[in-house]
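> 3D model of this:
(one chain, ligands or ions: 2)
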Amino acid sequence: MVQSSVLGFPRIGANRELKKTTEAYWSGKVNVEELLKVGKDLRAHNWKLQKDAGVDVIASNDFSYYDQVLDLSLLFNVIPDRYTKFDLAPIDVLFAMGRGLQRKATDSTPAVDVTALEMVKWFDSNYHYVRPTFSHSTQFKLNGQKPVDEYLEAKALGIETRPVLVGPVSYLFLGKSDKDSLDLDPISLLSKILPVYAEILAKLAAAGAKTVQIDEPILVLDLPQKVQAAFKQAYEFFAQHAGLPEIILATYFGDVRPNLAAVEGLPVAGFHYDFVRCPEQIDEVIKALTPKQVLSVGVIDGRNIWKADITKAIAVVKKAITAIGAERVIVATSSSLLHTPVDLSNEKKLDAEIKDWFSFATQKLAEVVVVAKAVSGADVSGALEANKKSISARAASAITNDAKVQERVASINEKMATRASAFNARLAEQKKHFNLPAFPTTTIGSFPQTKDIRINRNKFTKGEITAEQYEKFIESEIESVVRFQEEIGLDVLVHGEPERNDMVQYFGEQLKGYAFTSNGWVQSYGSRYVRPPIIVGDISRPKAMSVKESVYAQSLTSKPMKGMLTGPVTCLRWSFPRNDVSHKVQSLQLGLALRDEVNDLEKAGVYVIQVDEPAIREGLPLRAGAERSDYLQWAAQSFRVATSGVEDRTQIHSHFCYSDLDPNHIKALDADVVSIEFSKKDDPNYIQEFSEYPNHIGLGLFDIHSPRIPSTDEFVARIQEILKVYPAEKFWVNPDCGLKTRGWEETRASLTNMVEAAKLFRAQQ
Ligand code: MET
Ligand SMILES: [Zn+2]
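Ligands and ions are numbered 1, 2, ... in the order given. Take a look at the predicted model:
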């Protein structure tokens with residue numbers, strides 16, 4: 001029998017049990033025992049689910065109370081001193097590193113005030129890991145034995161598991177040096193960390209683990225020579241240690257071939273690769289195996305929600321079997337299932353036709369097993385027939401195919417994606433029209449989403465208030481936000497986005513071609529989960545989506561009102577995309593739908609329009625090369641399709657956050673004004689990179705993730721610093737991002753100080 005294997009299962013629980021308990025623990029409502037019990041129950045439930053589904057190789061140590069990379073930092077004692085001096089319990093150290101900790105002193109405990117470690121996107125997913133942070137004083141040593149405990153916990157339930165750990169080379173490479181040790185290159189710590197890895201591996205072996213899965217996902221990145229060489233050092237080190245478990249070295253989310261030389265011939269039991277992302281790599285990776293090594297063939301998508309095409313998956317696995325024999329092949333998910341929602345059967349409201357196309361983590365278990373059975377010669381004809389039927393129904397469905405949309409995409413030309421005049425000519429028109437002062441002030445769009453807003457939205461969703469009542473409520477919110485902005489003297493106003501639950505979902509719900517889940521949560525970081533909408537078919541906009549609110553807001557003031565839209569790339573990136581049509585085509589369809597909206601806003605008298613693209617950076621393909629340059633091309637093209645149908649005097653803004661943006665990546669968008677998250681950037685070289693940005697720019701002046709209120713002096717100092725490299729003529733004054741997660745008190749104070757500072761500079765002009 002060919003074995004089936006799952007690289008990891010979502011830990012959040014079918015009903016977000018982990019979030020609820022973790023947050024209750026943070027707020028002191030449940031004690032640590034209860035938290036640990038919920039964790040234990042979730043693990044047991046997930047292992048049993050997999051075992052009952054017939055999965056042969058089940059992962060353990062895929063569970064985490066916060067993040068699996070952070071767990072390793074705790075395990076290996078990679079804990080900056082600032083977290084160790086308060087005598088916290090290990091789990092509280094974990095949470096303090098993950099999310100910071102502020103606690104008043106009590107009779108028996110000191111006051112605590114530490115910020116969180118840096119959090120970064122996990123490759124090109126929307127999951128964030130906590131960055132390992134090393135310093136010269138880091139002393140690697142085993143601090144607990146979580147992987148062993150969880151292995152034994154499963155064993156006690158009668159379930160044999162394969163523990164999973166992020167591997168040493170990826171762990172170091174994904175980390176960074178701490179402020180006090182900037183000269184330290186994490187990869188240089190390899191020889192120090194290897195013995196500690198060996199120690200935990202030895203303990204796993206002693207507990208009975210025959211095989212471990214070691215993830216080295218960085219193998220799909222462009223790697224410096226030194227890092228490539230580190231694989232040999234690491235895995236030969238393990239091979240020289242007697243008594244360690246066998247190692248399956250796993251990588252995913254891309255093509256391993258450019259780094260194949262770095263792993264070819266390593267003394268490991270086998271490899272796992274992702275053939276959903278990159279089926280083309282199969283021949284070469286097979287050739288690179290030594291005679292006994294096994295190949296774990298990732299054919300069930302761990303990153304998306306579509307039912308697998310079982311026939312295709314079988315064909316890929318058979319190719320491997322023909323080349324190396326069934327006993328050396330494992331059928332697997334492409335990556336951990338962490339990135340997919342837990343269970344489709346929890347969806348009660350999905351249209352039955354569409355629901356039949358989906359497969360969430362629980363359903364994917366059955367898919368892996370069916371493929372393994374099929375290639376082992378078992379009769380799976382029933383399952384296979386059913387699968388073929390859904391695959392062809394989806395392909396032929398009127399929901400997926402809209403000839404009009406397809407024609408419109410085919411008719412996109414350069415003219416449609418280019419503003420009528422170049423920036424300087426547009427700027428001249430805009431100056432005449434808006435007559436803005438120097439250092440114009442604005443915000444990024446949302447204002448505090450108060451409890452009152454959430455209560456009213458809920459009442460409306462539940463039918464407890466009428467559409468009319470809800471509309472009145474939204475209008476009164478808009479009005480008070482407009483009055484506030486006038487009062488403190490902002491120059492370009494916004495309506496505050498009170499009507500939006502989420503910046504993608506709000507538009508997705510109004511677009512044709514989208515579907516929504518009620519419980520399809522996926523972990524984004526810590527206890528924050530998202531529920532991405534799903535692009536199921538060709539996208540179009542049946543009617544205006546945001547015009548009413550913007551027009552109402554503009555009617556209240558003589559100052560320019562900024563219309564607010566979410567850009568095509570961000571809509572695509574923060575949804576589950578289709579897998580039957582390219583990302584480029586989906587993005588262009590979204591671009592066209594937004595073009596209609598932008599044009600309608602202009603027609604209705606809204607002459608400043610911001611199209612947000614916070615996700616543009618995270619969509620960047622992991623490796624340099626053709627795929628990346630294509631992406632940058634179509635991402636910019638989609639944005640320009642959306643925004644180029646307007647007159648010169650209409651001012652197009654865009655906004656970017658959540659990442660270290662390269663200004664070169666956004667020049668081609670040709671937005672008149674861009675705002676960028678910037679307040680935490682203090683590297684002068686990075687600031688310098690923006691000095692050549694051709695159009696106008698607002699480098700975010702305060703952190704909207706924190707309730708802290710910067711003083712006017714602080715704003716002045718920051719503006720002065722940026723002015724060293726950035727000319728006053730192009731300078732906009734704004735926060736880092738929208739204010740929806742903030743309270744009114746700090747919003748009022750921070751914005752007042754920001755406007756004050758802008759006025760001081762204006763007076764000097
Ligand atoms: C994550 S970017 C958010 C932009 C949006 N306009 C807002 O202000 O909330
Ligand atoms: Zn933002």
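
> next, count neighbours for residue 171.
24 (other CB atoms under 10 Å). C-beta: built from backbone N, CA, C; applies to glycine.

> what about it, is that helix, strand or coil?
When classified by DSSP: H, G, I helix; E, B strand; the rest coil, residue 171 comes out as helix.

> quick one: contacts for it?
Residue 171 sits next to 69, 72, 132, 193 when contact means CB atoms under 8 Å, 6 or more residues apart in numbering.

> give me the nearest residue to the first one, chain neighbours excluded.
This points to residue 69. In space, and not counting its chain neighbours, residue 69 is closest to residue 129: 4.1 Å by CB to CB, 6 or more residues apart in numbering.

> which strands or helices does whichever strand or helix holds the one you found pack on?
Per DSSP states H and E: residue 129 is located in strand 128-130. Applying 3 or more CB pairs under 8 Å, 6 or more residues apart in numbering; DSSP states H and E, one finds that strand 128-130 contacts helix 68-75, strand 119-121, strand 522-525.

> so how far is the longest one from its chain's centroid?
What separates the centre of helix 68-75 from the centre of its chain is 20 Å, taken as CA atoms, centre = their mean, to the nearest Å.

> and the next helix or strand after it, what does it pack onto?
As assigned by DSSP H and E, the chain's next helix or strand after helix 68-75 is helix 90-99. Applying 3+ CB pairs under 8 Å, 6+ apart, we find helix 90-99 packed against helix 32-53, helix 68-75.

> that older thread, contacts only, for the residue nearest to residue 69.
67-70, 119-120, 122, 174, 525.

> that one and ligand 1: what is the separation?
19 Å (CB to the nearest ligand atom, to the nearest Å).

> now do the helix or strand of the chain with the lowest mean pLDDT: distance to the chain's middle.
The helix or strand of the chain with the lowest confidence, counting by mean pLDDT, DSSP states H and E, is helix 684-689 at a mean of 79. Helix 684-689 has its C-alpha centroid displaced from the chain centroid by 25 Å (CA atoms, centre = their mean).

> name the residues that touch it?
660, 662-663, 681, 699, 721-722, 725-726.

> closest to ligand 2 out of those residues?
Of all those, ligand 2 sits closest to residue 699, with 13.1 Å by CB to the ion.

> got the phi and psi for the closest one?
Reported as degrees, to the nearest 10, the phi and psi values for residue 699 are phi -90, psi 120.

> that one: neighbour count?
Counted by other CB under 10 Å, the residues lying close to residue 699 total 24.

> assumed residue 425 was part of a helix.
Yes. Under three-state DSSP, residue 425 falls within a helix.

> centre of the chain to whichever strand or helix holds residue 600, how far?
For residue 600, the enclosing helix or strand under DSSP H and E is helix 583-603. Relative to the centre of its chain, helix 583-603 is centred 23 Å away, using CA atoms, centre = their mean.

> list the buried residues in that helix.
Buried residues in helix 583-603, counting neighbours by 16 or more other CB atoms under 10 Å, are found at 583-602.

> how about the strands in the stretch 601-750 of the chain?
Listed in chain order, the strands found in the stretch 601-750 of the chain under DSSP state E, counting those that start in this stretch are 608-612, 651-656, 673-676, 696-699.

> need those strands in a markdown table (columns: mean pLDDT and distance to ligand 1).
Listed next are the strands of the stretch 601-750 of the chain as a markdown table, based on pLDDT from 0 to 100; distance: least, CB to the nearest ligand atom, whole Å:
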| stretch | mean pLDDT | distance to ligand 1 |
| --- | --- | --- |
| strand 608-612 | 98 | 4 |
| strand 651-656 | 97 | 6 |
| strand 673-676 | 96 | 9 |
| strand 696-699 | 95 | 13 |
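
> would CSV of those strands with distance to residue 751 be doable?
Shown next, in CSV, are the strands of the stretch 601-750 of the chain (distance: least, CB to CB, whole Å):
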stretch, distance to residue 751
strand 608-612, 17
strand 651-656, 16
strand 673-676, 14
strand 696-699, 14
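
> picking up where we left off before, return the member of the helices and strands packed on strand 128-130 having the minimum mean pLDDT.
Confidence, taken as mean pLDDT, is least for strand 119-121 of these (a mean of 88).

> next one: it, is it in contact with ligand 1?
No. Applying CB under 6 Å from any ligand atom, one finds strand 119-121 separated from ligand 1 by no less than 13.5 Å.

> and that strand, how far from the chain's centre?
That offset, for strand 119-121, works out to 8 Å (CA atoms, centre = their mean).

> and it, what does it pack onto?
Against strand 119-121 (3+ CB pairs under 8 Å, 6+ apart) you get strand 128-130.

> and the next helix or strand past the strand it packs on?
As assigned by DSSP H and E, the chain's next helix or strand after strand 128-130 is strand 133-134.

> so what's the residue nearest to residue 516 when sequence neighbours are not counted up against?
Leaving aside its sequence neighbours, residue 516 sits nearest to residue 533 (CB to CB, 6+ apart; 5.3 Å). Counting by CB under 8 Å, 6+ apart, residue 533 makes contact with 504-505, 508-509, 514-516, 574-576.

> bridged to the nearest residue to residue 294 once chain neighbours are set aside, which residues?
The shortest distance from residue 294 to any residue other than its chain neighbours is 3.3 Å, reached at residue 270 (CB to CB, 6+ apart). Beta bridges link residue 270 to residue 248, residue 294 when assigned by DSSP bridges.

> count of neighbours near residue 270?
Counted with other CB under 10 Å, residue 270 comes out at 20.

> how far away is it from ligand 2?
Going from residue 270 to ligand 2 by CB to the ion, to the nearest Å gives 43 Å.

> mind pulling up the pLDDT for residue 682?
68.

> what residues of stretch 400-418 count as buried?
Residues of stretch 400-418 classed as buried by neighbour count (16+ other CB under 10 Å): 400, 402, 405, 408-409, 412, 416-417.

> in TSV: those residues, plus pLDDT, secondary structure and distance to residue 625.
As requested, the buried residues of stretch 400-418 are arranged in TSV below (pLDDT from 0 to 100; DSSP: H, G, I helix; E, B strand; the rest coil; distance: CB to CB, whole Å):
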residue	pLDDT	secondary structure	distance to residue 625
400	95	coil	31
402	97	coil	33
405	98	helix	30
408	98	helix	30
409	98	helix	25
412	98	coil	25
416	98	helix	28
417	98	helix	24
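
> nearest to ligand 1 among these?
Ligand 1 lies nearest to residue 417 out of those, by CB to the nearest ligand atom, at 23.0 Å.

> residue contacts, that closest one?
So residue 417 contacts 637, 640-641, 644 (CB under 8 Å, 6+ apart).

> so how far is residue 511 from it?
According to CB to CB, to the nearest Å, residue 417 stands 20 Å off from residue 511.

> let me know the closest of the buried residues of stretch 400-418 to residue 77.
The closest of these to residue 77 turns out to be residue 400 (CB to CB; 51.6 Å).

> that closest one is in contact with residue 538, isn't it?
Yes. Between residue 400 and residue 538 there is a contact under CB atoms under 8 Å: 6.9 Å.

> and the chain, which residues reach ligand 1?
Neighbours of ligand 1 within the chain, by CB under 6 Å from any ligand atom: 444-446, 503, 564, 612, 614, 655, 657, 737-738, 740.

> filter the contacts of residue 417 down to the ones near ligand 2?
With CB under 5 Å from the ion as the criterion, these include none near ligand 2.
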